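**Student:** Would you be able to build a 3D model of this:
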Amino acid sequence: MTQDQLKEEEKEIEKPDVVERQILQAEVVAAVEESPEMLEIPQPVEEVKEVVVVEQVAVVEEPVPEPVKVIEEVAVVEEVKQVVAEPEIEYTRLEREFKDIQENPIPDARITSDLKKANKEWIIKIKGPEGTPYEGGVFKFVLQFSANEPVCKFKSKIWHPQVREDGFGKFWASYDESWHARHLIEKIQANVRDVSEDPLMHVQKNCSYEYENKRDEYIETAKRWVNDFAADQW
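**Tutor:** Below you'll find the model as predicted:
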């Protein structure tokens, strides 16, 4: 090395910042040798964000019911009467006749219906007439009233030419507007006691045949039916 070069190196050594840098490098090297983890590059910390889920509750609005229109009972009754324009008999007349029969009973006959339920239909019981095949029996029948011809229907089975197997009884040939309930009941009693001689009134053909041609058999059957089917309490 030439003298000039040595002089230049000495000058560099004499510079204070060069000396300090060399000292600092030596300290860093020594520190690294003691703690190698200092060379690890720290990783950035991932920020964790807490997500809060708020449950949404659906609010359903219930429909408000519309007010119900209330129709007065009287109006409904009047409307029904207009729709069903069925001709009817005068109920006050039936009520009067009902009370009259209750106060002045028909012999061997009585009404078992209640007045409030007897507007269109009466339930009646009669005793079998003495001296006939029906003696000792109690027979129940219904009288149905309407604007047309009154109808008689036996509820008790009876072997009689004027009473069908389904109970329908034919006791008057034609309808008379001047009829009265009392007269109808008395007419039924009279025809049970004395069978009509009019063949058009005979609606039970088998019984009618026995009555006309085999009277003894007719009487025997009628008595047997009384014992079997006409044992109602009076």
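**Student:** in the chain, which spans are strands?
**Tutor:** 109-111, 121-127, 138-144, 151-154, 168-169 (DSSP state E).
**Student:** Format the ones you listed as TSV; extra columns: distance to R96 and mean neighbour count.
**Tutor:** Yep, even glycine has a C-beta here, placed from its N, CA and C like the rest. Formatted as TSV, these follow (distance: least, CB to CB, whole Å; neighbours: other CB atoms under 10 Å):
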stretch	distance to R96	mean neighbour count
strand 109-111	14	18
strand 121-127	14	20
strand 138-144	16	19
strand 151-154	21	18
strand 168-169	25	18
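**Student:** export those strands to CSV and tack on distance to E95?
**Tutor:** CSV is the format used below for those (distance: least, CB to CB, whole Å):
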stretch, distance to E95
strand 109-111, 12
strand 121-127, 11
strand 138-144, 14
strand 151-154, 20
strand 168-169, 24
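**Student:** quick one: low-confidence ranges for this structure?
**Tutor:** For the chain, residues meeting the criterion pLDDT under 70 lie at 1-20, 22, 24, 28-91, 117-119, 147, 175, 177.
**Student:** how does it look with 50?
**Tutor:** 51-54, 70-86 (pLDDT under 50).
**Student:** Name the nearest residue to Y218, sequence neighbours excluded.
**Tutor:** E210 (3.8 Å; CB to CB, 6 or more residues apart in numbering).
**Student:** Looks like the one you found contacts E217 (just checking).
**Tutor:** Yes. At 5.1 Å, E210 and E217 qualify as touching, with contact defined as CB atoms under 8 Å.
**Student:** These two: which has the busier surroundings?
**Tutor:** E210 (20 against 12; other CB atoms under 10 Å).
**Student:** got the contact list for S196?
**Tutor:** By CB atoms under 8 Å, 6 or more residues apart in numbering, the contact set of S196 is 161-162, 171, 202.
**Student:** ok, now A231?
**Tutor:** Going by CB under 8 Å, 6+ apart, A231 touches 137-138.
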